[in-house]
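Asker: build the 3D model from these lines:
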Amino acid sequence: MFELWSIIAIIIGVFYASILLWLIIGVKRLEIFKNTKNTPTTSFSIIVAFRNEEKNLSPLLQSLASMDYPKRLFEILLVNDASSDQSVAIVQRFITENKQLSFSLLENKRKSISPKKDAINTAIEVSKYDWILTTDADCSISKEWLTTYDSYINNKNVVFIAGMVSYREKKGFIHQFQQLDWLSLIGVTMGSFGWNKPLLCSGANLAYQKKVFYQVNGFEGNEHIASGDDVFLMQKMQNSFPKQLAYLNSKQALVQTQSMNTWKELYQQRIRWAKKTSSLSNILIKVVGVGVLLANFTLILLFIIGFIDSLKWIYFIVFLVLKIIIDSLLLYRTAANLHQKTPFITWLFSSLLYPFFSVSVVVLGLFTNYRWKGREFDK
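Answerer: So this is what the prediction gives:
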């Protein structure tokens, strides 16, 4: 006869599996878009906020300069957020050496506790074009980034587009662990967009109409939250234009970003993400978040019970195996879109570590502040 705690574990397992099945079907429903390469017509204002990014700016600037798109149809607005290193000098030198491109270096006008949102507002105020495209200073973009967005905009009736983001491949367990963790977040993003109920997106690859940004009053209402220039705006767009948000499922518009180099940096980043998503009013993202948290917490609890009573190890093993199977289905479907592969041993160890990592992030997020770009924030 089942004990009460085992019945609860079964209920949580079924709940979690149902969420992931919904996401897996959503990813499958999402069309893969192929650039039709028509004559470009869309004008873009590309916004990049940076703070102390001297190690990352050159690859980004080079990739922006290498885009296969008419130079008369885009501008690049780089917003300095009180950098204290050589970032500004790097940008100034690049602008001088690339006068054929429309680069502008701006200083961030701080008005809230959110530096990133202030930087985007600073740039949008002086932007010239209809579509805003944002990326981050530690990213690099594909040559066909703008041509693919242009093709998508001309083929779809959309006002907000979330683009594909992946980590650059690096050796080492911490980087491969992050790649798998990121794949799970991309799975949530793609799966929810597949059902036209978007839950997540990344400001590292995001496009929206400027006029619509102003129609929803931009970031107004969430300036008190330091991060979230992406998901809070998406939520406002979803409320006002529920049928006109889309995910650009195309490697031709892929943006690659950097993984964290240390576990301390990784925890700070994930705590920052956890704090912003917990502030969202979307009920569905809370349901998904609670389901994931309960499943990981249950696995840890079964692990502890196994140590207390060795006869109970079977519960932990069964729950773990079933969780790995359903997780793998989502990760495989997502990785196929990004054309990424992960070594089996890394995947196995990551599956064992992830429950402890994710639960500890939530606990630390509840009781600690986080530091990002040399500043401390509480939410």
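
Asker: rest of the way, CA atoms for contacts and neighbours
Answerer: Will do.

Asker: mind checking pLDDT for Val14?
Answerer: Model confidence at Val14, given as pLDDT, is 94.

Asker: is it fair to say it lies in a helix?
Answerer: Yes - per DSSP: H, G, I helix; E, B strand; the rest coil, Val14 lies within a helix segment.

Asker: ok, it to Tyr354 distance?
Answerer: To Tyr354, Val14 is 19 Å away according to C-alpha to C-alpha, to the nearest Å.

Asker: break the chain into its domains for me.
Answerer: Domains of the chain are assigned by automatic domain parsing as 4-26+282-377, 33-164+205-259.

Asker: could you give the average pLDDT over the last one?
Answerer: With pLDDT averaged residue by residue, domain 33-164+205-259 scores 93.

Asker: gap between the two ends of that domain?
Answerer: 26 Å.

Asker: so how far is Tyr315 from Ala295?
Answerer: Distance, Ala295 to Tyr315, by C-alpha to C-alpha: 13 Å.

Asker: what does Ala89 give?
Answerer: From Ala89 across to Tyr315, the span is 59 Å (C-alpha to C-alpha).

Asker: more neighbours: which of these two?
Answerer: Neighbours were counted for Ala89 and for Tyr315 using other C-alpha atoms under 10 Å; Tyr315 has more, 17 against 11.

Asker: touching, that one and Leu302? I think so.
Answerer: Yes - judged on C-alpha atoms under 8 Å, Tyr315 makes contact with Leu302 at a distance of 6.7 Å.

Asker: near Ile76, how many other residues are there?
Answerer: Look at Ile76: counted by other C-alpha under 10 Å, it has 22 neighbours.

Asker: that one falls within a strand, correct?
Answerer: Yes - counting by three-state DSSP, Ile76 is found in a strand.

Asker: quick one, what contacts it?
Answerer: Contacts here follow C-alpha atoms under 8 Å, 6 or more residues apart in numbering; on that basis Ile76 touches 45-48, 102-104.

Asker: now for the residues you listed: which two are most distant?
Answerer: Val48 and Ser102 (13.6 Å; C-alpha to C-alpha).

Asker: more neighbours, the two?
Answerer: More crowded of Val48 and Ser102, by other C-alpha under 10 Å: Val48, with 25 against 16.

Asker: give me whichever of the domains of the chain is most buried.
Answerer: Compared across the domains of the chain, domain 33-164+205-259 shows the largest average neighbour count, a mean of 19 (mean count of other C-alpha atoms under 10 Å).

Asker: next one: that domain to chain centre, how far?
Answerer: How far domain 33-164+205-259 lies from its chain's middle: 14 Å, per C-alpha atoms, centre = their mean, to the nearest Å.

Asker: please report how far Gly291 lies from Val318.
Answerer: Remark: distance between Gly291 and Val318 (C-alpha to C-alpha) = 18 Å.

Asker: ok, Leu180 next?
Answerer: Remark: distance between Leu180 and Val318 (C-alpha to C-alpha) = 22 Å.

Asker: now swap in Leu146 and tell me
Answerer: 47 Å.

Asker: what of Asp230?
Answerer: In this view, Asp230 and Val318 are 38 Å apart by C-alpha to C-alpha.

Asker: tell me the confidence at Leu338?
Answerer: Looking at Leu338, its pLDDT reads 80.
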